[in-house]
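[1] this is a predicted model, with the sequence first.
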Amino acid sequence: MAGITITGIGKRFGATVVLRDVSLTVEPGEFVALVGPSGCGKTTLMRIIAGIETADSGDITIGGRAVTRLPPAERDVAMVFQSYALYPHLTVRENIAVPLAMRRLSAVQRLPVLGGLLPGARARRRAIASEVERAAAPLGLAPLLDRRPMELSGGQRQRVALARAIVRRPAAFLMDEPLSNLDAALRVQTRREIVEIHRAAGVATLYVTHDQAEALTMADKVAVMMDGALLQISSPEAIYADPASLQVATFIGSPRINMLAATADAEGRVDVAGLPVGLRAQAHSALTLALRPEALRLAQEGLPVIAEHLEFLGDGLLLHARHAPDGAAVIARLEPEAREKVQPGAALRLGFAPERALLFGADGKRVAARADARLVTA
Amino acid sequence: MRQRSQLAGEAIAGALMTLPAGIAYLLLLLLPTLATVLLAFSDYELGAPVLGWIGLDNFREMLADRGFGVSVRNTLIYVGLVTPASILGGLGLALLVEAGARGRALFRAVFFLPVVSLTVAMAAAWQYLLHPTIGPVNAALRAMGLGTPFWLSSSDTVLLSLAAIGTWESIGFNMVLFMAGLTAIPRELYAAAQVDGARSAFDRFRLVTWPLLGPTTLFVLTISMIRSLRVFDTVAVLTQGGPNKASEVLLFTMYQQGFTYLRLGYSAAITLVFLAVVLALMWVQTRVLDRRVHYA
């Protein structure tokens, strides 16, 4: 089995637990985004997979080989760093050639002039040169090969870092927030380029980011990490629509998911501040009902809210309101035509389809709920 | 109109504020240098009522003077020993101290101590250490059954001994400069080098540390050469240029000519040669090497 498999990775720095029992599989050819807030341990996990950092416990398999105790050079991974980590004294051509030269040439053969005169070195150097050009061309780096990193823009440096990663055809790519130093426009463009590179190479890719939009748009599978633990690993669609916990639900999605206190009575009927919402669940006194902003719409019946202010987005409106009974903030994404109806201060009702509501228990875990056909509300 | 007077006012204020520094520069650096240049073409002797212009005679005498030739040769040997030893030693120490888990501040202080201590006082300590009969160095050699050279009083070993002292003096300074250079190297480059296949510490040194230390090394090289070119204190205290001119160096010759024989004109000419060498070194640094170690 190829790809990346990690099992039971634990890591602590002194008394601080950074990673707790993290297990994750990236299938060959799969693109997995590891997303989480800053400081959640995702970069540490990536450095452990690369071998730059050692884990306290757990095992790592890359490309079918157990690599837990191997140095980075022997793990057959390539890594793209947030700062690009290009060698400033080398040209683009030499930077891309480093992973090949370090592996195929001996220390003496790597010497600047003398090395080229040694038997065998010339043929190997030629092979390396042509592979470098083949890796650089699709990224548009051909005209820049003889420049130094300082003479390149951020986006160009980013592409050199990508070329350096793909030139060796490793068993796995590791990317550590590769887009966070780019401006917004370039980020969207490079996002697509990375996905294309991944597709062309067909290599297991683990992509670390704190930007949930990046994770959702690029990945086949999203792994959400918080406080050193993986909370959920699913497809982007499932992460968004079917989160396993309140933490995942609030971290993914922008604007943030709405949360309202709810209860389920002895018969399992769920209501929010006395208003039945058309759901049944196990009896529970402290539930959280979570609703994506786009699940809400203006209606005759539903959650009573007081409109506070409006944000015009072009293709829609964001209504910021307060839930009338308890003052909880509610954000609804409305059609632009709703503008006249929702003056600030107006008392409104927001309805929703019961199957789009998510229920969470007091521990933040998802609570099973089903739409109740007998109840007609909202 | 108002804007223009404002600009002029600003310019005047600026000029006024640089005036103290300007005056100090003029009085303390520029005028003495100019005086030296003028004196170099004269036969002025300290206390003499008159001074005669003798053109290039001082320089002609210098070329013919065997003593001066020996002095230049000794200085070059000294620089040739101290510069590489103190640079390689400083770099080695910096790498060791940086790699160590603890005691960084302690080691830095220990190795930097010679730099801040008074050379003349330290020279006395070295005189004792290297004393042929009562010195600990020779005592140790004797205990190991090895020969006991007359470190500072034999013409075979005197330059070597002075170079060792000179290296000891500047190794800590170079180490601190290299340590500063090392901290400026981004950690991620080492991580990248590891992933790229740099297995051994030496591979990583060659791929990352050495090239990225380029600007530091160049600076250290220039500073070390100029510092060792200026060697004077240890020679004046320990050997007086002896035995038999075996440790006569450029600045000591200049000092003797100027303040023992009072031949200020000739002494100024030697100073001028010294100045030319230092300027040439700095020119090489800024013009030639700088371009090859800064990767902009």
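    Structure received.
[2] average pLDDT for the helix or strand harbouring B:Ala192, rounded please.
    For B:Ala192, the element it lies in under DSSP states H and E is helix B:187-195. For helix B:187-195, the mean per-residue pLDDT is 92.
[3] now the element after it, going C-ward?
    helix B:201-204.
[4] may I see the buried residues of the following helix or strand past that next one?
    Sequence-wise, the next helix or strand downstream of helix B:201-204 (DSSP H and E) is helix B:210-212. Residues B:Pro211, B:Leu212 are the ones in helix B:210-212 that count as buried (16 or more other Cβ atoms under 10 Å in any protein chain shown). The way it works is simple: take the backbone N, C-alpha and C, and place the C-beta from them, glycine included.
[5] off-centre distance for helix B:210-212?
    23 Å (Cα atoms, centre = their mean, to the nearest Å).
[6] the next helix-or-strand element following it and chain A in contact?
    Next helix or strand after helix B:210-212 toward the C-terminus (DSSP H and E): helix B:214-229. Yes: residues of helix B:214-229 are located near chain A by Cβ under 8 Å from any Cβ of the partner chain, namely B:Gly214.
[7] just confirm A:Thr205 is within a strand.
    Yes: assessed with DSSP: H, G, I helix; E, B strand; the rest coil, A:Thr205 lies in a strand.
[8] hmm, it is touching A:Phe31, no?
    Yes: the pair A:Thr205 and A:Phe31 passes the contact test of Cβ atoms under 8 Å, sitting 4.8 Å apart.
[9] counting neighbours, go ahead and name the busier of those two.
    Here A:Thr205 and A:Phe31 are compared on neighbour count by other Cβ atoms under 10 Å in any protein chain shown; more neighbours surround A:Thr205, at 29 against 22.
[10] domains for chain A, by residue range?
    A:4-243, A:255-371 (automatic domain parsing).
[11] chain center to the shortest one, what's the gap?
    With Cα atoms, centre = their mean as the basis, the distance from the averaged C-alpha position of domain A:255-371 to the chain average is 27 Å.
[12] between A:Thr205 and A:Phe31, which contacts overlap?
    A:His198 (Cβ atoms under 8 Å, 6 or more residues apart in numbering or on different chains).
[13] pull the contacting residues for the residue lying closest to A:Leu139 once chain neighbours are set aside.
    Nearest residue to A:Leu139 in three dimensions, chain neighbours excluded: A:Arg159, at 4.4 Å (Cβ to Cβ, 6 or more residues apart in numbering or on different chains). Going by Cβ under 8 Å, 6+ apart, A:Arg159 touches A:Leu139, A:Gly140, A:Leu141, A:Thr190, A:Glu193.
[14] do I have it right that A:Ser234 meets A:Val222?
    Yes: using Cβ under 8 Å, A:Ser234 makes contact with A:Val222 at a distance of 6.6 Å.
[15] who has more neighbours, these two?
    Set side by side, A:Ser234 and A:Val222 show more neighbours around A:Val222, with 28 against 17, by other Cβ under 10 Å.
[16] what lines up beside whichever strand or helix holds the more buried one in the sheet?
    Following DSSP H and E, the helix or strand that holds A:Val222 is strand A:221-226. Strands that pair with strand A:221-226, judged by DSSP bridges, come out as strand A:31-35 (parallel), strand A:229-234 (antiparallel).
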